[in-house]
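> Mind looking at a prediction? Sequence and model below.
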Amino acid sequence: MDTILKEMKQFWLALAFLILGYFILQFDIVAFWTYKILLGILPVVITIALAFVAHQFWIHYVQANFISGIEWVLLEIVPPRDVVRSPKAMELFVTNALFHFSNKGGIETYWQGAVWFWFSLELVSLDGQVHFYIRIPSRLKSLIETQMYAQYPQAQIKVVDDYTLAVDKITPDSAWNLWGCEFRLAKPDVYPIKTYIDFGLDKDPKEEYKVDPISPVVELFGSISKGEQMWMQIVITPSKKKFRTKEKSFSLFNLIDNIQKEGMFSFYQYHDWVEEGREEILRSLKEFTSAREKPDHTFSKEVRSPDFMKSMMEGAGKKMLKVGFDTGIRICYVAKKEVFNMNNRRNIRLIFRQYAAPFINELTRINSTQADAFSSNIIAGFFPLSSKKIMHLSDRMLKEYREREFFHPPMRHKIHLPWPLSPFLFPNFFHHHINILNTEEIATLWHFPGQILKVPTLERIESKEASPPTNLPI
């Protein structure tokens, strides 16, 4: 019943038209006048609908053309032998090097298809050898290098080939098997996961007292054998995710205001994630807010939230104080068929459990490439996928990982249909989910572990490689 109600809320407009159509067919007089009215406005409605569809296809085309011209480079970051800095250093790197915000003009947006750059922070194990990678547009290579050296002077940065190209198409005849999934926040974006500050790493404790949440991830990645690979990618871009105002009523004044702010086809007010966070906090406290009349007959609001909500509100407030990124997270376990280990497939699913604060927020698994892939509701759980369809899902996951795809996906992502139509019309296909993580959360998920982590398969550099000064005497 919850699933049915959820779908009804999402597609209420279509249901309203269906109900209206039923009553029109039942009453001949209404049908006559409705026919006359529709005959007059139908050409206008069809023209507007076709114009909207054409606009969407054109924007998709020019953006795809622009993206195809971006030259990408994969950098491997070899951490220094002694990482004495806290993840705060990585947070500063993410803020300074990866937040590329720019306003696009009309020609850039609608003719050139210019998009904001996105970046992929990756932790990868190849036959047990652990590597840190970052995939960037080649034009930003020098900036990324200088900002990384600014925080980790002894690190080594080198250009490498894309490791995903060594894995061929996932088919019954290929040598590889792949299991993958994506992650999303279990609660609204404003509520944070546990970060390095919650583990005390912001205080730079002595090495023997450090409790680093990334250590179990690196340890797991370093424990696999030859022929196995584990991939983790965190794809980020400066946040431009928009939220729709839910309580806004449909009045003439609101409609005019929305058209002025958001354009002709806007019927709601939209806001950014910070404003959405503020509204989410107010919604959470609404139950504990009361109005009290003062002696001068004015009213004041009093909020008496229970103690168990204080950490929740504090975390939300602190998260909004730092820069936010639209973020997509994906992991894959890849192995030759003869060494594919189901235990490792299960183990990699748990690599984010240490960041969970269940009452506040946590990362939860979605879009898994397995038999119960579409079991998000009870009905779908009775129809497990065949092995052939699972391989289609796995191959699509491989392609999306290789393309670092989250923010500018194929056109089919713009078509959202309810279950069971979606799996039948778009088989073996998932819609991505974008969350907002701030720099503190991103640095917690991807940073260099300290020397206390004794993983021999994690390569470290003894000294920094650098070019000689340009002012040396000849």
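Received it, and whenever you're ready, just let me know what you need.
> what ranges do the strands span in the stretch 251-400 of the chain?
270-271, 289-293, 299-303, 324-336, 363-366 (DSSP state E, counting those that start in this stretch).
> and those as a markdown table, adding mean pLDDT?
Below are the strands of the stretch 251-400 of the chain laid out as a markdown table (pLDDT from 0 to 100):
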| stretch | mean pLDDT |
| --- | --- |
| strand 270-271 | 74 |
| strand 289-293 | 72 |
| strand 299-303 | 71 |
| strand 324-336 | 95 |
| strand 363-366 | 92 |
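> Return the most buried member of the ones you listed.
For those, the largest average neighbour count (mean count of other C-beta atoms under 10 Å) is found in strand 324-336, namely a mean of 24. (Each C-beta comes from the backbone N, C-alpha and C, glycine too.)
> Compute the number of surrounding residues for N361.
For N361, the neighbour count with other C-beta atoms under 10 Å is 25.
> right, and it touches D198 too?
No: if you go by C-beta atoms under 8 Å, N361 and D198 don't touch, sitting 11.9 Å apart.
> The strands of the stretch 251-400 of the chain: which one's closest to Y61?
Of all the strands of the stretch 251-400 of the chain, strand 324-336 sits nearest to Y61, with 22.5 Å by C-beta to C-beta.
> Sheet-wise, list the partners of the closest one with their directions.
Take DSSP bridges as the rule and strand 324-336 pairs in its sheet with strand 176-185 (antiparallel), strand 228-238 (antiparallel), strand 435-438 (antiparallel).
> And the nearest residue to K414 once chain neighbours are set aside, how far from G222?
With sequence-adjacent residues excluded and distances taken as C-beta to C-beta, 6 or more residues apart in numbering, K414 is closest to Q56, at 6.6 Å. Noted for Q56: a distance of 46 Å to G222, by C-beta to C-beta, to the nearest Å.
> next one: phi and psi at L121?
phi -90, psi 120 (degrees, to the nearest 10).
> from what I can see it touches I234, true?
Yes: L121 is within contact range of I234, at 4.5 Å (criterion: C-beta under 8 Å).
> residues shared between the contacts of the two?
442, 445-446 (C-beta atoms under 8 Å, 6 or more residues apart in numbering).
> So which of the residues you listed are in helices?
Among these, the members found in helices (DSSP state H) are 442, 445.
> returning to what we had before: between Q56 and G222, which is the more surrounded one?
G222 (17 against 12).
> What's the separation between the more buried one and Y191?
To Y191, G222 is 32 Å away according to C-beta to C-beta.
> Next: Y110.
36 Å.
> Looking at these two, which one has more neighbours?
Remark: of Y110 and Y191, Y191 carries more neighbours, 22 against 14, as counted by other C-beta under 10 Å.
> Just grab the bridge partners of the closest residue to that one other than its chain neighbours for me.
Among residues not flanking Y191 along the chain, N361 sits closest, at 4.0 Å (C-beta to C-beta, 6+ apart). Beta-bridge partners of N361, counted by DSSP bridges, are A357.
> Could you do E228 as well?
A335.
> pull the helix or strand with minimum mean pLDDT from the chain.
In the chain, the helix or strand scored least confidently by mean pLDDT, DSSP states H and E is helix 252-262, which has a mean of 48.
> Can you give me the neighbour number for Q370?
Neighbours of Q370 (other C-beta under 10 Å): 15.
> May I have the phi/psi pair for it?
phi -150, psi 180.
> That one is in contact with L178, isn't it?
No: the pair Q370 / L178 is not scored as a contact, 11.1 Å apart, by C-beta under 8 Å.
> and the residue nearest to Y191, what is it in contact with?
Per C-beta under 8 Å, 6+ apart, neighbours of N361: 185-187, 191-193, 315.
> Just the buried ones from the residues you listed, in ChimeraX syntax?
In ChimeraX, a selection of the buried entries from those looks like this (16 or more other C-beta atoms under 10 Å):
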select :185,187,191,192,193,315
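> Turn the contacts of N361 into a markdown table, including distance to I144 and pLDDT.
Below are the contacts of N361 laid out as a markdown table (distance: C-beta to C-beta, whole Å; pLDDT from 0 to 100):
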| residue | distance to I144 | pLDDT |
| --- | --- | --- |
| L185 | 27 | 94 |
| A186 | 32 | 93 |
| K187 | 32 | 92 |
| Y191 | 30 | 92 |
| P192 | 26 | 93 |
| I193 | 25 | 94 |
| G315 | 30 | 87 |
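> Among the contacts of N361, which lie within helices?
Mapping the contacts of N361 onto helices (DSSP H) picks out G315.
> Inside strands: which ones of the contacts of N361?
L185 (DSSP state E).
> and which of the contacts of N361 is nearest to K240?
Among the contacts of N361, and counting by C-beta to C-beta, the member closest to K240 is L185, at 17.7 Å.
> so E76 is in which element?
strand 72-78 (DSSP states H and E).
> in the stretch 101-250 of the chain, which spans are strands?
For the stretch 101-250 of the chain, the strands defined by DSSP E, counting those that start in this stretch occupy 119-126, 129-137, 156-160, 176-185, 228-238, 243-244.
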